[in-house]
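Q: sequence first, then the predicted structure, then my questions.
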Amino acid sequence: MTKRNKIIYWIATIWLALGMVSTAVVQLIRMKEEVEKTSLHLGYPIYLLTILGIWKLLGVVAVLIPKFPLLKEWAYAGFIFVMSGAIISHLVVGDNALEFFGPSLLLILTVLSWYFRPADRKIISTNE
């Protein structure tokens, strides 16, 4: 892995982790604005905040710890599902562009982190 790729990986991964942890905390403490946006505006049940918050925290742990490449793949996939779901949800209700910024940024960071991850964090194919 080149030094440039390693730098890109760690910058994207650290920002991804910070973004996921901060949004998970907001969801887990059920901050008033988050509850209103999720429940009243988007129409989702409030308990979804707890599920998403826990999944995000577990995903961050999976992405940051060494080894366990299959677990990392699932965490990255989960981040993509959650962020693309958030983008689609905001599209469906006709939100303005500002509402897309957070989920879009986290989606981009997820893809960058996944793409530039070191070899020891990838699943090694045994098929030759």
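A: Cool, the structure landed.
Q: can you map out the helices along the chain?
A: Along the chain, counting by DSSP state H, helices occupy 3-28, 32-35, 47-64, 69-92, 98-115.
Q: in a markdown table: those, plus mean pLDDT.
A: As requested, the helices of the chain are exported to a markdown table (pLDDT from 0 to 100):
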| stretch | mean pLDDT |
| --- | --- |
| helix 3-28 | 97 |
| helix 32-35 | 95 |
| helix 47-64 | 97 |
| helix 69-92 | 96 |
| helix 98-115 | 96 |
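Q: contacting residues around the most centrally placed residue in the chain?
A: Centre of the chain computed as the mean C-alpha position; nearest residue by CA atoms, centre = their mean is residue 79, 3.5 Å away. Residue 79 makes contacts with 16, 20, 56, 59, 106, 107, 110, as judged by CB atoms under 8 Å, 6 or more residues apart in numbering. To be clear about C-beta, it is placed using only N, CA and C from the backbone, and glycine gets the same treatment.
Q: and what of residue 43?
A: Counted by CB under 8 Å, 6+ apart, residue 43 has contacts residue 93.
Q: begin at 59 from now on, thanks
A: That works, and once the first residue is 59, the last one we named lands at residue 101.
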